[in-house]
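Novice: mind folding the following:
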Amino acid sequence: MRVARNDIGPARVPAPGDGREPLQEIQDQRAMEQTVTQIEVLGRKIHELRGGTGRPLLYLHSAMGEAVWMPHLQRLAETRELHAPAHPGFLSSQGIEQIRDIEDLVFHYLAYMDQQGWDSVDVIGLSLGGWIAAEIAARYPERVSKLVLAASCGIWLRHKPITDIFALDSRFPERVKRVLFWDIECPAAQMMPNPADMSLPDEMLVDIMNGFAATAKIGWNPLLHDPRLASLLPRVKAKTLVLWGEGDRLVPVDYAHEFARLIPDAKVEIIPQCGHLIPFEKPDEFHRAVTSFLG
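Specialist: Next up, the predicted model:
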């Protein structure tokens, strides 16, 4: 399946004195084309976003399942060839029944990277996606060139436990928002769908429930971490940015400093007045930090 953006429009013929050739105009618009595709990885049909041109950039989404063309992904695709696959069990991606734990997801993404022909690639991971990215970079250091861990789970601090997302009651959406956002009145928080709202389209409800179940399959017990990961993080060779919201109530900011302590030469950047979902609550700050780091 290939669905092109509907806001590209035909190539504009430059006005006299515009200084740009029609062919260049067409190429510029093609560079911004953003598509939804379906590829096959290890026999599994996988939903994938792909857009932009330049060096490849792999984005691994959170448990929110943001493998759709959201503004922060559109902006990343302005300067890079962005690939944002949905994990097995999310959206239309198949194969969750074959995923037993985080290690199976690592093997899934190694196969995905092999299929793309990447010996090494820059990777951004948000929350759950950050956990997967950290596991890949620690277990197979040569496969990740640069690494951005944004509000990543994956390790555990006894004195600052991760909030149990599986215990949050969706009948009280304000409580859920307070865990995910610094400001529950921000536009992203106001737009966040409530899974307890039965007026939502059936397809959206199914996607939310399937994503929650897929997250639980790898993150239920132990809660959103791999007890082995902390000991593996010193193996990471990728240049690493650890990006966190100052007011993260899901994965406290203490985890940013612990990741940075464990990963050699990692850089830490804390975004003020921001919660867990950094690219949603502070999109400009997220984009500036990531693009400055990746180059």
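
Novice: which residue ranges of the protein form helices?
Specialist: Under the criterion DSSP state H, the chain contains helices at 22-31, 71-76, 102-116, 128-139, 173-180, 187-191, 202-219, 229-232, 254-262, 278-281, 283-294.

Novice: in terms of mean pLDDT, which of these ranks lowest?
Specialist: Mean pLDDT per stretch puts helix 22-31 lowest among the helices of the chain, at a mean of 42.

Novice: give me the most central residue, this structure.
Specialist: His61 (2.6 Å; CA atoms, centre = their mean).

Novice: quick one: contacts for that one?
Specialist: His61 makes contacts with Ala67, Ala84, Ala86, His87, Phe90, Leu126, Leu128, Gly129, as judged by CB atoms under 8 Å, 6 or more residues apart in numbering. Glycine gets a C-beta too; all of them are placed from N, C-alpha and C.

Novice: what's the lowest-pLDDT member of the residues you listed?
Specialist: Ala67 (90).

Novice: relative to Leu42, how far out is that one?
Specialist: Using CB to CB, to the nearest Å, Ala67 is found at 18 Å from Leu42.

Novice: looking at those two, which has the bigger crowd around it?
Specialist: Legend: neighbour count by other CB atoms under 10 Å for Ala67 and Leu42, higher for Ala67 (26 against 14).

Novice: quick check: that one vs Val268, distance?
Specialist: Taking CB to CB, one finds Ala67 at 27 Å from Val268.

Novice: same check, this time on Glu97
Specialist: The gap separating Glu97 from Val268 is 38 Å, by CB to CB.

Novice: and the gap between the residue nearest to the centre of the chain and Glu258?
Specialist: Distance, His61 to Glu258, by CB to CB: 23 Å.

Novice: which ones are touching Ala111?
Specialist: For Ala111, the contacting residues are Val41, Leu42, by CB under 8 Å, 6+ apart.

Novice: quick check: Lys239 touching Leu294?
Specialist: No: with contacts counted by CB atoms under 8 Å, Lys239 stays clear of Leu294, the gap being 9.3 Å.

Novice: stretch 162-179: which residues count as buried?
Specialist: Ile162, Thr163, Ile165, Leu168, Pro173, Val176, Lys177, Arg178, Val179 (16 or more other CB atoms under 10 Å).

Novice: got TSV for those residues, with distance to Leu224 too?
Specialist: As requested, the buried residues of stretch 162-179 are exported to TSV (distance: CB to CB, whole Å):
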residue	distance to Leu224
Ile162	5
Thr163	9
Ile165	7
Leu168	13
Pro173	21
Val176	16
Lys177	19
Arg178	18
Val179	13
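
Novice: and which of those is nearest Ala230?
Specialist: Of all these, Ala230 sits closest to Ile162, with 13.6 Å by CB to CB.

Novice: what pLDDT does the nearest residue to Ile46 once chain neighbours are set aside get?
Specialist: If you skip the residues right next to it in sequence, Ile46 has Ser93 as its closest partner in space, 4.7 Å away by CB to CB, 6 or more residues apart in numbering. Ser93 carries a pLDDT value of 97.

Novice: and Ser93, what is it in contact with?
Specialist: Residues counted as contacts of Ser93 (CB under 8 Å, 6+ apart) are Arg44, Lys45, Ile46, His47, Pro85, Ala86, His87.

Novice: cool, Ile124 as well?
Specialist: By CB under 8 Å, 6+ apart, the residues touching Ile124 are Leu57, Leu58, Tyr59, Leu60, Leu76, Ala133, Val148, Ala150, Val290.

Novice: coming back round to it: for the contacts of Ser93, please prepare CSV with the additional fields distance to Gly245 and neighbour count.
Specialist: Shown next, in CSV, are the contacts of Ser93 (distance: CB to CB, whole Å; neighbours: other CB atoms under 10 Å):
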residue, distance to Gly245, neighbour count
Arg44, 33, 18
Lys45, 34, 14
Ile46, 29, 24
His47, 27, 22
Pro85, 25, 25
Ala86, 24, 25
His87, 22, 28
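
Novice: so which of those residues belong to strands?
Specialist: Arg44, Lys45, Ile46, His47, Pro85 (DSSP state E).
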